[in-house]
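Q: Pasting the sequence and the predicted coordinates here, then a few questions.
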Amino acid sequence: MGYAASDQLKQLPKIKTGVLSPIDALPLKAFNDTTHFRLNLLYAKDYHTSQDLSILWKGWRGLGRS
């Protein structure tokens, strides 16, 4: 798991690049940079292992993408 692409990642805690992001748990994928940043901020602020499992469960089809 990692952050969604955003121009504002420097404001968030450093984590390794991931294959899936909080965006992958949502049915819509077309969001602007501000929305990506807010989702990343919530992901970092309220992090819990179950959140990663939820993203993995909902976004597993995205694991083979390049």
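A: That came in fine, so what should we check first?
Q: model confidence over the lengthiest helix in the chain, on average?
A: Looking across the chain with DSSP state H, the single longest helix is helix 33-45. Per-residue pLDDT over helix 33-45 has a mean of 92.
Q: next helix or strand past that helix?
A: Remark: after helix 33-45, the chain's next helix or strand is helix 49-59, criterion DSSP states H and E.
Q: other SSEs contacting that next one?
A: In this structure, helix 49-59 makes packing contacts with no helix or strand, judged by 3 or more Cβ pairs under 8 Å, 6 or more residues apart in numbering; DSSP states H and E. In this view, the C-beta of every residue, glycine as well, is placed from N, C-alpha and C.
Q: centre of the chain versus that helix, how much separation?
A: Taking Cα atoms, centre = their mean, to the nearest Å, the mean C-alpha location of helix 49-59 is offset from the chain mean by 10 Å.
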